[in-house]
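Need a 3D model of the sequence below.
(one chain, ligands or ions: 2)
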Amino acid sequence: MQEFFTDSIQKLKDFEEFMSTPKKIVITTHQNPDADALGSALGMWGYLNKKGHRPTVITPTDYPDFLRWMDGEPTVINFEGSRQSEAIQLIAEADGIFCLDFSVLNRIKSMEEYVKQSAAKILLIDHHQRPEGFADFVYWNEHAAATCELIYQFIEKLNDTALVDTSIAECLYAGLMTDTGSFRFDSTSKEVHRIAGELINRGIEVNRLHRKIFDSNSFERMQFLGYCLNKMNYLPEYRVAYFVVSKEELEQFHSKNGDTEGIVNYGLSIKDVVMSAIFVERDDLIKISFRSIEDFSVSELSRDHFDGGGHKNAAGGRSQKSLQETVDKFLGLLPTYKDKLLAN
Ligand code: 5GP
Ligand code: MN
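Ligands and ions are numbered 1, 2, ... in the order given. Alright, predicted model coming up:
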């Protein structure tokens, strides 16, 4: 099996030494947390509680309702919510800050400055490309399918898998399931299935869990999806599909946080499409999601042109330009990428 530590075994020992007495730990993850982000955070939260530490999960922003079933979720502090001053104090007083499922600090939005100021030891567990060097301890592998996979391995390294109960297993399985597209993306390795098997052994109900996440749409959300599919753009000459969603449209469908999640994937379900994108007009910026197949790297495209990054086949980015200008920029780039797009 591949060795996943990017740091030395000595570092693991140092980490164990650091955690050998009860610690105040802030666990955080990227903005607009998805199931891998919140699942890894709450899985870690459950584990740390069992180890006698005092963990708190603080998310940079709110997250979708379909994640609200996770054990410990009611204790999560949304940094943009009413408990911000408490969150700032927790960060300042933390012994350790665990950064899960992101590799660059700008993904925690306004929490970034407080994390930078803190004297806490930082642990990074992540699978995104190009991690910034902000952590004292690093458990990172860009080939891992999900951060939840790495969390399980990390607990294994610490010889603590006996502490993984059904609640922790549910959180970790959720991240594994969603980041692999229900176990179908290229990242779905033997290791993913091994860990999924270990988690199922803890008594989780696979179908119920899948339904909690994927079959919990509101009627309005399905209508919104239908609307988006209707106005999807398709450029067969580039093998590209893309969606454009304005603020007015979000309002028209009473769209909630997370409602646009997953829509981008539908572009790839058209035969021969190599890249799909969605441009969503948020209050302060245009948020972009990219998906691709095979060798076409959307993380590269996003990093080079849209201040973003992520994984080869799933990446995100942002733009401060207007919605139309952002889409025009994207369309303007396509001729440059045509050869690569058609090579797949
Ligand atoms: P999504 O499109 O679902 O928001 O994100 C796809 C992948 O790219 C996820 O792994 C996500 O964490 C990552 N990602 C999304 N937005 C950004 C961004 O602005 N910067 C970076 N570095 N990664 C991003
Ligand atoms: Mn992830």
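
Can you tell me the number of residues neighbouring residue 20?
9 (other Cβ atoms under 10 Å). Where C-beta positions appear, they are placed from N, C-alpha and C, glycine not excepted.

What's the local residue count around residue 129?
The number of residues near residue 129, taken as other Cβ under 10 Å, comes to 17.

Residue 66 is in contact with residue 212, correct?
Yes: at 6.8 Å, residue 212 counts as touching residue 66 under the criterion of Cβ atoms under 8 Å.

How about the residues of the stretch 201-344 of the chain by ligand 1?
289, 308, 309, 310, 311, 314, 315, 316, 317, 318 (Cβ under 6 Å from any ligand atom).

Does the helix or strand that contains the first one pack against any helices or strands, and if so which?
Here residue 289 is covered by strand 286-292, with elements defined by DSSP states H and E. Contacting strand 286-292 under the criterion 3 or more Cβ pairs under 8 Å, 6 or more residues apart in numbering; DSSP states H and E are the following elements: helix 265-268, strand 275-281, helix 298-305, strand 314-319, helix 323-342.

Identify, out of these, the most deeply packed stretch.
Greatest average neighbour count among these goes to strand 275-281 (a mean of 24), per mean count of other Cβ atoms under 10 Å.

how far out from the middle of the chain is that strand?
17 Å (Cα atoms, centre = their mean, to the nearest Å).

Keeping just the C-alphas, turn it into CSV.
The C-alpha coordinates for strand 275-281 follow below in CSV (Å, rounded to 0.1, in the frame of the first residue of the first chain):
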residue,chain,number,x,y,z
MET,A,275,-15.6,19.7,-19.4
SER,A,276,-18.6,21.2,-17.6
ALA,A,277,-18.7,24.5,-15.7
ILE,A,278,-21.2,26.5,-13.7
PHE,A,279,-21.0,30.2,-13.0
VAL,A,280,-23.1,31.3,-10.0
GLU,A,281,-23.5,35.0,-9.2
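
Can I take it that residue 56 is in a strand?
Yes: assessed with DSSP: H, G, I helix; E, B strand; the rest coil, residue 56 lies in a strand.

Count the residues that sit near it.
Residues near residue 56, counting by other Cβ under 10 Å: 20.

for it, which residues make a bridge with it?
residue 26 (DSSP bridges).

contacting residues for it?
25, 26, 27, 45, 75, 77, 90 (Cβ atoms under 8 Å, 6 or more residues apart in numbering).

where's the residue in the stretch 201-344 of the chain that ligand 2 sits nearest to relative to residue 273, distance?
Residue of the stretch 201-344 of the chain nearest ligand 2, by Cβ to the ion: residue 311 (8.2 Å). Residue 311 is 18 Å from residue 273, where distance means Cβ to Cβ, to the nearest Å.

What sits closest to the residue of the stretch 151-300 of the chain found nearest ligand 1 if chain neighbours are left out?
Nearest to ligand 1 in the stretch 151-300 of the chain, going by Cβ to the nearest ligand atom, is residue 289, at a distance of 3.0 Å. Closest residue in space to residue 289, ignoring its immediate chain neighbours: residue 264 at 4.5 Å, by Cβ to Cβ, 6 or more residues apart in numbering.

ok, back up a step: what's the neighbour count on the residue of the stretch 201-344 of the chain closest to ligand 2?
23.

what's near enough to touch the closest residue to it other than its chain neighbours?
Once flanking residues are discounted, residue 311 sits nearest to residue 299: 5.7 Å by Cβ to Cβ, 6+ apart. When contacts are counted by Cβ under 8 Å, 6+ apart, residue 299 touches 129, 308, 309, 310, 311, 312, 315.

Let me know the pLDDT of the residue of the stretch 151-300 of the chain closest to ligand 1.
Predicted confidence (pLDDT) for residue 289: 98.
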